[in-house]
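*Asks:* Next comes the sequence, and after it the predicted model I'd like to discuss.
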Amino acid sequence: MITRLSQGGDAVRVRLQNAFGTVPLVVDRTTVAHGKGQADVTGIRTVTFDGRRSVTIPPGGGIWSDPVSLATHPDEDIAISMFASGSVVPGQHDNAFRNNYVTAPGAGEHTGDTSAAAYTRTVTTTYLVSAVDVHNPALQGTIVPFGSSAVDGTGSTNCGSGCTETGSNRRWADDLARRITAELPASKQLAVANAGIAGTTSAAVCPQTPSVSHGLDAARRLDRDVLALHGVSAVIYYYGTNDLAFGCGATPIIESYRQIFSRLHDAGIAVYVTPITPRPGYTDQNNRDRYTTSSFVKQWNNCAGTCDGIVDFDQVLKDAIKPNTINPGYDNGDGIHANILGQQALADYVPLALFAASGRGARR
């Protein structure tokens, strides 16, 4: 599994997950290395869990590895290789938007290979790995973009008609991480940890939410996907598009916002919110609810005192003539998500000074 780091450091930890498994998951061996392109790697290190190579993850659980000494740099790929000798039904992230590599069943253990030869199957899904933590005491915190497919990266491989950039890491969160590295001084550097999962909602009660997303509303995944991460100083909260599409009105959406923002503040994490962005399938009532929710978010520029500020992606994406639609130049083609050009525009809009200031209160 290939993971792009937003920042470098002198060691890494890896989190493996069995969040949706119904039986214990046994991983016999795990290694981490520098990615050289495709499945070729260099500098392999053995990963242990409480000092052991083998780890058993209970159903519904996840586990962090021990720290592994590995010097890394910002915007670098690392490769995490795992071997399971038994049957595995892995939890997976379908929207990886990059190539990962798998050996054939029965091929044996290849976690120590530097060559790609044994990795004969290419997938665009990430298996088992749910987070990577980089040790770097100089960092001032971690920004977590938190939301659904607009955060997950749908559209970020679309570079124009007939053009696809799989694996180029062009999500707005990736672009934001590169801006931080390039534009902030060394004393104010921050990590970025993308916590987007497509199809999820802010509120838990939207009546038309697909069954695959049940249990993945913002409140129920907050602990795992935000609070369990190291050094979180700020969240960019980009939720609501699915809530409206799945039958929620403004009242439950705003109530979910209040609950989530309160939990984040209790953890010492700053909250920056984007108003709900356009969607072509919205009814007139959906757009009225979108307006009501956006009015709440923009009230006093701090969600009526419940958040710390606004990152108004609606202003970036909306068409100047038809504000309930996306600017055609930024449209992925579905009217909902931003293409690569739009992803960069979102990242460029984020005021880095907000996060440089909030980093001083990072959770440790």
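*Replies:* Perfect, thanks for sending it.

*Asks:* how about low-confidence regions in the stretch 201-350 of the chain?
*Replies:* 214 (pLDDT under 70).

*Asks:* for it, what spans make up the strands?
*Replies:* 232-238, 270-273, 309-310 (DSSP state E, counting those that start in this stretch).

*Asks:* Indicate which one of these is closest to residue 340.
*Replies:* strand 232-238 (17.6 Å; Cβ to Cβ). (Each C-beta comes from the backbone N, C-alpha and C, glycine too.)

*Asks:* List the buried residues for the closest one?
*Replies:* 232-238 (16 or more other Cβ atoms under 10 Å).

*Asks:* chain center to stretch 164-171: distance?
*Replies:* Remark: stretch 164-171 is offset 14 Å from the chain centroid, using Cα atoms, centre = their mean, to the nearest Å.

*Asks:* quick one on the thing from earlier: so which of the buried residues of strand 232-238 is the closest to residue 208?
*Replies:* residue 238 (20.3 Å).

*Asks:* Wait, the closest one touches residue 271, no?
*Replies:* No: here residue 238 does not reach residue 271: they are 11.5 Å apart, not a contact under Cβ atoms under 8 Å.

*Asks:* avg pLDDT for stretch 103-110?
*Replies:* The average pLDDT within stretch 103-110 is 94.

*Asks:* Assess the claim that residue 344 and residue 172 are in contact.
*Replies:* Yes: counting by Cβ under 8 Å, residue 172 is a contact partner of residue 344 at 7.3 Å.

*Asks:* for stretch 226-246, how far is the first residue from the last?
*Replies:* 24 Å (Cα to Cα, to the nearest Å).

*Asks:* Same question for stretch 289-306.
*Replies:* 19 Å.

*Asks:* Could you list the buried residues of that stretch?
*Replies:* Buried-residue list, stretch 289-306, by 16+ other Cβ under 10 Å: 289-290, 292-294, 296-298, 302-303, 306.

*Asks:* which one of residue 344 and residue 172 has more residues nearby?
*Replies:* Remark: of residue 344 and residue 172, residue 172 carries more neighbours, 30 against 20, as counted by other Cβ atoms under 10 Å.

*Asks:* Give the full set of residues in contact with that one.
*Replies:* 145, 156, 338, 343-344, 346-347 (Cβ atoms under 8 Å, 6 or more residues apart in numbering).

*Asks:* got it, and residue 65?
*Replies:* 13-16, 30, 47-49.

*Asks:* can you rerun that using 10 Å?
*Replies:* Residue 65 is in contact with 12-16, 30, 32, 47-50, 55, 80, 132-133, counting by Cβ atoms under 10 Å, 6 or more residues apart in numbering.
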